[in-house]
Structure formats: structure tokens, C-alpha cells
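Student: predicted model follows, preceded by the sequence.
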Amino acid sequence: MTRPAANDDDRLLRLSLVAVWLLTAFASIVELDGQSRRVLAESGIASPPWLVQSLIVGGAIADLAIGLALWLRPGRTVYLAAFSLMLAMTLVATVLQPSLWLHPLGPLLKNLPIAALLWHLYRRATP
């Protein structure tokens, strides 16, 4: 059995990140009035309703934009943008709801391997 070329490995890693970002955007919108709103309410952000909806939709749009950019325009700039968005969202979530670090499904812990994947892809991308 032959080992896939590094480019194939990198493509698989990148496409897994595309799936994470696109499916997160989709889940945020599907759960707009469910889990997405509940996470904000548990953080003390429950009103005004337009603000809550704007935060959720804005986050979903950012996730969608990063997912599409990773899919269609991969490169150092996109990897850096994805890392920056992930870091910003992680910091905001940590301030609003630090208990998410202890959640058994790891909504914030998952960002550690995502950061490692983005760093790997950034280093291997042509400048």
C-alpha cells in the first residue's frame, strides 16, 4: 500500500477544516432559536432579540466566509484569517462562558487541534 503524497494529506486536512466551518455556519442558523440562542442567554446575552440574532447570524456568516475561503482560495492569508477568527471566537467564548472549556464534547477544546492544523497548513503553503 502506498502512502499518499503530502499534498493529498494537506488537502484532506484542509477539507476537514472546510467541513468544520461550513457545518458550523449551517448549525448556527438551523439552531438559531435553539442552542445558538441558549448559549448566548447562558452567557447573559438574551436581549434585545435583534442583537442576539445579529450575533448568531454574524458568526454564521463569518464561519461561512472562512469555510468558503478555505475551500476555494486556500493559502497563507486564508489560514491566518481562519486562525484569527478561531482565536477571537475562542477568547470571546472564554470570557462569556469559561465553563465551555470543561464541556465533555469540547466546544472550545476542539480549537486546539484546529489551531495545529492551521499552523501546519500555513507553514506548508507557498508564500
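Tutor: That came through fine. Just so you know, these numbers come straight off a predicted model, no measurement behind them.
Student: by contact count, what packs against the strand or helix carrying I66?
Tutor: Taking DSSP states H and E as the definition, I66 sits inside helix 49-72. The contact analysis (3 or more C-beta pairs under 8 Å, 6 or more residues apart in numbering; DSSP states H and E) places helix 49-72 against helix 6-30, helix 35-42, helix 76-96. C-beta coordinates here come from the backbone N, C-alpha and C atoms, glycine included.
Student: helices and strands of this structure: which one has the lowest mean pLDDT?
Tutor: Lowest mean confidence among the helices and strands of the chain (mean pLDDT, DSSP states H and E): helix 35-42, at a mean of 84.
Student: residues contacting that helix, please?
Tutor: 27-28, 31, 46, 52, 55-56, 96-97 (C-beta atoms under 8 Å, 6 or more residues apart in numbering).
Student: what comes up buried for it?
Tutor: Neighbour counts over helix 35-42 (16 or more other C-beta atoms under 10 Å) mark 36-37, 39-40 as buried.
Student: if we can go back for a sec, are any of the contacts of helix 35-42 buried, and if so which?
Tutor: Of the contacts of helix 35-42, these count as buried by 16+ other C-beta under 10 Å: 28, 52, 55-56, 97.
Student: from the residues you listed, pick the one nearest T126.
Tutor: Closest approach between the buried ones among the contacts of helix 35-42 and T126, by C-beta to C-beta: S28, at 32.5 Å.
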